[in-house]
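A.B. asks: Build me a model from this:
(chains A, B and C)
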Amino acid sequence: MKLAKSLVLFLAVSLMAVSFAYAGKDLDAVKAKGFIQVGVNGGVFGFGMPDEKGVWKGLDVDTARAVSAAIFGDADKVKYTPLTAQQRFTALQSGEIDLLTRNATRTLSRETQLGLNFVTVNYYDGQGFMVPKALGVKSAKELDGATVCVLPGTTTEQNAADFFRSNNMKMNPVVIESTSELAKTFFAGRCDVLTSDASQLAGTRAVAPNPKDYIILPEIISKEPLAPAVRHGDDQFRDIVDFSVLAMINAEELGITSANVDEMLKSTNPVVQRFLGVIPGNGEALGLDEKWAYNIVKQVGNYGEVFERNVGVNTKLGIERGLNALWTNGGLMYSPPFK
Amino acid sequence: MSTPTQPTREYLAAPVHKDGAVAWLRKNLFSSWFNSVLTVLTMLALLYTIPPLIKWAFIDSVWNTSAEVCRDIDGACWSIIPRNIKFILLGFFPEGQEWRPILAMILLLGLVIYSKERHRWKKALLWYWLVGLIVMGTLMYGGVFGMPVVETGQWSGLPLTMMLSFFGMVCAYPLGVVLALGRRSKMPAIRTLCVVYIEMIRGVPLISLLFMSSIMFPLFLPDGMTIDKVLRAQVAIILFTAAYIAEVVRGGLQAMPKGQYEAADSLGLNYRQTMRLIILPQALKIVIPPTVGILLSAFKDTSLVVIIALYDVLKTTKVTLQNPNWTGYSTEAYIFLAVLYFIFCYAMSSYSRRLERELHTGH
Amino acid sequence: MPSAVPFWRDEAKRAIVFQLAAIAIVFGISYYLFSNTQANLQRQSIATGFGFLDKEASFEIGESLIEYSAADSYTRALLVGALNTVKVSFIGIVFTLILGTVIGISRLSKNWLVSKLAAAYIEVMQNIPVLLQLFFWYAIFYEAFPAPRQALNPFTGLFLCNRGMIFAVPAAHPAHSAMGWTLLAVLVGGWVLNRWGKKRQAATGKPFPALRITIAAAIVLPAVVWLLYGAPTAMDIPALRGFNFKGGVTVSPEFSALLLGLVIYTSAFVAEIVRAGIQSVGKGQIEAAMAIGLRPAKVLQLVVLPQALRVIIPPLTSQMLNLTKNSSLAIAIGYADFVAVTNTIINQTGQAIEGVALIMLVFLVFSLSTSLFMNWYNKKMALVER
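C.D. replies: Prediction:
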């Protein structure tokens, strides 16, 4: 049977898809492969989603690109694996991906029980409620008996249930897997309330048929520090991911942008010189090229640029910096010294 | 329920016009009072639904505009399709290389259409397919003749749907035949294993197998070893389809008269020869139509990979709908997809009917 | 030695070796995967076992046939999901049978228009993936209907809005359960009566109108019970209070979309089966039945249906099972069926293996019990055939 031959051929081809990650250091494995495999959401506008041409865009995507720029000096050595909420941790644990930047909330149980290391938060979020203005609701405490649109199986769903229970209220959940479907059902009036991370509420409101008809209630019922995650076991790789995020924040603190970074190379400020690798040391300490931070800022930008580009006030999402402003502006973004 | 006509009626009735529009109408639409009422009611229902639909789809609609224009019209916004056609059909395939998947798909369709005629079912055909597959694989993967390498992770949209269906069918078929033979085997252990496998797979929904492949299977592998998730889903589809094919093939094996086995035995053929030369060629031939039915549903079922975040053509459409510019035109996008699937499925099912007719008269 | 056949040529011995090898391979692979899994779970400190079932679920479920709140256990949440699956499958099967039969018969109609429409329906609906149909119907449901405050109210007691269809039901009263029990008693009595009637007909040749008596009793007796209880007429009429309608019965859009999608898709297949079944009865059979003077209804009842059903039932069963299995696609449009609930639980606990195993187990139980029933039924039908 010639069929058998083509079968063998197919098996041979498919065997190429089976890959053995190097046991031991993840960094070595990543370097040997020549790219980072990153788990992303794939369905949240502004955080991780392909555009019309199939190019990945978003805050989480740029975080991954920063890591790539740090390791390879090229922000585009990234391969993306879109994951559902339930696949994301398994994918990281099994080694299918090297890095998870999929707006995952850092929690104690995830860090300990799932064997993950979360690094510096790249977006501070919190869960809120959005309602149509016409409903006349001013506080989330008035939502007894409401129909609530919520994404299933996330901390969001649990938080909402907890909030209603602790306030002795009844809720009527409508759970739909996809963010956009959920938003559409909400605007169509299928639910009274949409609950989600505040960032997404803002983004959702921005695409409403008439954004002025909706208000976001003042209550923020949870803390959602969204952070990239890596596996337990390779501290060096963890450090690189951690400081790649921090480098973007530090660059903003130092006023270095992708536009002026070449200028800044000539800066006489030793802090800037150390950051950009003009005074060597940082790169060697991390096991990277001394230009690593320069590459991040040059190719991806500082945190402020990344934020404004993907989710900021001039985008469809129109999110204010808020908690995600630098600490000097009343936010939580704070980088330790780069020395 | 159709009640039988009195056979004598035709001779007793007054002669009517045998042709012409009036006669046709009378015969086909107004043959009895019941039929007349039925016709009138159906017409009314159609009149009520079709014109607004046409107005929405064709008259008030726009075909190639920006999303802003769509906000102000009442009709369908078909613009979502041409404006996003590249991503919907080809997903992440790099820009400037679009001709490669398109050419590969045309090649695949060409081969399929060429293989439709039964008189071409010869050994040479298998070689054509082998060459065709290699060419398609090269086109998709690249790496030679100056074509940049495109990783399998970037194969998405329609090529992914086609790949999942095609390999799902091609690999499931031999596996299904083996399982069917196993189920009919005289060896109790083999038989039990096959029965358990077939009944288990047929008893659970495909989605549970896809869940298994996407969230359970990584836990089965030793530390550090991973298998591409498209491949895992592909395997799930193969395993699922094989169980159904096995049942169809078993039907064919059971339909073989005992005399065929006895004749083979009396010629001194062993089990393998009996199956390969006598039983399978006949059994597989009579089950061709139901097999095509199984393959057809395998093709439709590939759309379920949406649920495990693979970017098949349904997922790319949904992602397009997630873009704030295009949110809200789901009806248009889904209708487009429905037409796309319909064309493929209709072609396959009418082909299966043709084969059924041909094979039927062949006896 | 008389038996010069070496053992590898001896068919019986070879079979044993072959089977042992197969079993060894299967067990070997299972053991390999199992030990890998053990190691992985330990390394990643993922909990194992079904201990989580007793823990508090702490998530709400949109619709439930039984009392449920976030404070209940995972077990109860799973039960809610399973009941929702049973609900949508059962109602879906009933509607599919009705719609499929109507369309299958329409396909055979002599009316050109009706026949062609039925053909178009079958062709189109069979060839569009059911998941796509579900997405489509769900989008239609919440986009086309108004918000609760502008709910359509075609007549008193019925509201249509994007929260679903809300209709009035008789207010709870002990009379209702009494009527239900009466009806059940009548049905059981009717069944016994029918058997007795058939036996008598076989013995004496006198037919007994068991069916008509049963139908009459099924209508009259519950009504009598209702009157005995004082003829309660109070209705539970839904009213807009707060955010949603209170009172009455609500059919959610998720349920409706799932039901509609499954019914429309599956009924196209059922129509084909019904058509083939009816066509499988030879024309001569019908002519012969007419020739011995049976009326059309009797021809249908005594000649066509018994033969057509034998052809129809087996493929019909597999379509019903398909519908049940396809109901698992509920997860894509937010109906809380068993798979959707389990999916949420997997997300919360991280125990994917247990979750997927539960899904498979529940559907296997559904499928295998249906298969057993159908095998029994097929045997019964075969006996009738002589």
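
A.B. asks: Test my guess that residue A:36 contacts residue A:71.
C.D. replies: Yes - contact criterion CB atoms under 8 Å: residue A:36 and residue A:71 qualify, at 7.0 Å. Quick note: C-beta positions are derived from backbone N, CA and C, even for glycine.

A.B. asks: and residue C:146, that's in a helix?
C.D. replies: No - secondary structure of residue C:146 (DSSP: H, G, I helix; E, B strand; the rest coil): coil, not part of a helix.

A.B. asks: closest point of the stretch 1-150 of chain C to chain A, which residue?
C.D. replies: Going by CB to the nearest CB, chain A is nearest to residue C:147 of the stretch 1-150 of chain C, at 3.6 Å.

A.B. asks: Just give me the neighbour total for that residue.
C.D. replies: 15 (other CB atoms under 10 Å in any protein chain shown).

A.B. asks: So residue B:326, which state does it fall into?
C.D. replies: coil.

A.B. asks: give me every residue that touches residue 143.
C.D. replies: All of this is about chain A. Contacts for residue A:143 (CB atoms under 8 Å, 6 or more residues apart in numbering or on different chains) come out as A:129, A:131, A:137, A:164, A:169, A:171, A:192-193, C:243.

A.B. asks: ah, no, chain C please
C.D. replies: Applying CB under 8 Å, 6+ apart, we find residue C:143 in contact with A:184, A:188, B:331, C:162.

A.B. asks: The stretch 51-200 of chain C against chain A: which residues are in contact?
C.D. replies: Counting by CB under 8 Å from any CB of the partner chain, the residues of the stretch 51-200 of chain C close to chain A are C:58-62, C:69-71, C:138-139, C:142-143, C:146-148, C:161-163.

A.B. asks: Among these, which ones are in helices?
C.D. replies: C:138-139, C:142-143 (DSSP state H).

A.B. asks: Just the pLDDT at residue B:11, thanks.
C.D. replies: Looking at residue B:11, its pLDDT stands at 58.

A.B. asks: Repeat that for residue A:165.
C.D. replies: Note for residue A:165: predicted pLDDT of 86.

A.B. asks: Can you classify it as helix, strand or coil?
C.D. replies: Following three-state DSSP, we place residue A:165 in the helix state.

A.B. asks: same thing with residue A:169?
C.D. replies: On the three-state scheme (three-state DSSP), residue A:169 is labelled coil.

A.B. asks: sorry, back to before: near chain B too, which of the contacts of residue A:143?
C.D. replies: Residues of the contacts of residue A:143 in contact with chain B (CB under 8 Å from any CB): none.

A.B. asks: Of those, keep whichever come out buried.
C.D. replies: Listed as buried from the contacts of residue A:143 are A:129, A:131, A:137, A:164, A:171, A:192-193, C:243; burial here means 16 or more other CB atoms under 10 Å in any protein chain shown.

A.B. asks: Now the residue nearest to residue C:342 when sequence neighbours are not counted, what are its backbone angles?
C.D. replies: What sits nearest to residue C:342 in space, not counting adjacent residues and going by CB to CB, 6 or more residues apart in numbering or on different chains, is residue C:355, at 4.9 Å. Backbone torsions of residue C:355, given as degrees, to the nearest 10, read phi -60, psi -50.

A.B. asks: Please verify my assumption that residue C:355 contacts residue C:346.
C.D. replies: Yes - counting by CB under 8 Å, residue C:355 touches residue C:346, with 3.8 Å between them.

A.B. asks: The two - which one has more neighbours?
C.D. replies: Set residue C:355 next to residue C:346 and count neighbours by other CB under 10 Å: residue C:355 wins out with 27 against 24.

A.B. asks: So, low pLDDT: which residues of the stretch 1-150 of chain A?
C.D. replies: Scanning the stretch 1-150 of chain A for pLDDT under 70 picks out the ranges A:1-25.

A.B. asks: what about 80?
C.D. replies: Along the stretch 1-150 of chain A, the model assigns pLDDT under 80 to residues A:1-26, A:42-45, A:52-54, A:84-87, A:90, A:93-95, A:109-110, A:112-115.

A.B. asks: all helices for the stretch 201-350 of chain B, in order.
C.D. replies: Taking DSSP state H, counting those that start in this stretch as the test, the helices found in the stretch 201-350 of chain B are B:206-211, B:217-220, B:229-255, B:258-266, B:271-273, B:280-286, B:288-301, B:313-322, B:330-361.

A.B. asks: Going by neighbour count, list what's buried in the last one.
C.D. replies: Put plainly, it is helix B:330-361. By neighbour count with 16+ other CB under 10 Å, helix B:330-361 contains the buried residues B:330-338, B:340-342, B:344-349, B:351-352, B:355.

A.B. asks: confidence score at residue 284?
C.D. replies: I went with chain A, as the question did not name one. On the pLDDT scale, residue A:284 gets 89.

A.B. asks: looking at chain B here, not the other one
C.D. replies: So, for residue B:284, pLDDT stands at 82.

A.B. asks: which ones are touching it?
C.D. replies: B:177, B:249, B:252, B:291.

A.B. asks: mind putting these in TSV, pLDDT, distance to chain C and neighbour count included?
C.D. replies: Shown next, in TSV, are the contacts of residue B:284 (pLDDT from 0 to 100; distance: CB to the nearest CB, whole Å; neighbours: other CB atoms under 10 Å in any protein chain shown):
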residue	pLDDT	distance to chain C	neighbour count
B:177	91	17	22
B:249	89	16	26
B:252	85	16	21
B:291	84	15	20
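
A.B. asks: between those residues, which is nearest chain A?
C.D. replies: Nearest to chain A among these, counting by CB to the nearest CB, is residue B:177 at 10.1 Å.

A.B. asks: Which stretches in the stretch 201-339 of chain A count as strands?
C.D. replies: Secondary structure of the stretch 201-339 of chain A (DSSP state E, counting those that start in this stretch): strands at A:214-216, A:224-226, A:229-231.

A.B. asks: swap that for the stretch 51-200 of chain A, sorry
C.D. replies: Using DSSP E, counting those that start in this stretch, the strands of the stretch 51-200 of chain A run over A:56-57, A:78-82, A:99-100, A:116-118, A:123-125, A:127-132, A:146-150, A:171-175, A:193-197.

A.B. asks: Just want the residue of the stretch 51-200 of chain B that's nearest chain C.
C.D. replies: Among the residues of the stretch 51-200 of chain B, residue B:189 lies closest to chain C, at 3.7 Å counting by CB to the nearest CB.

A.B. asks: near chain C at all, stretch A:145-157?
C.D. replies: Yes - counting by CB under 8 Å from any CB, chain C has neighbours in stretch A:145-157: A:145-147, A:152-154, A:157.

A.B. asks: so where's the stretch 201-350 of chain B uncertain?
C.D. replies: For the stretch 201-350 of chain B (pLDDT under 80), the answer is B:219, B:222-229, B:285, B:289, B:309, B:322-328.

A.B. asks: Spell out which parts of it neighbour chain A.
C.D. replies: Within the stretch 201-350 of chain B, the positions adjacent to chain A are B:214-215, B:218-219, B:221, B:223-231, B:234, B:307-309, B:311, B:318-324, B:327-328, B:330 by CB under 8 Å from any CB.

A.B. asks: let's see it at 6 Å
C.D. replies: Contacts of the stretch 201-350 of chain B with chain A, taken as CB under 6 Å from any CB of the partner chain, map to B:214-215, B:218, B:224-228, B:231, B:309, B:321-322, B:324, B:327.

A.B. asks: Now flag whichever of the residues you listed is closest to chain C.
C.D. replies: If you rank these by distance to chain C using CB to the nearest CB, residue B:215 comes first, at 4.3 Å.
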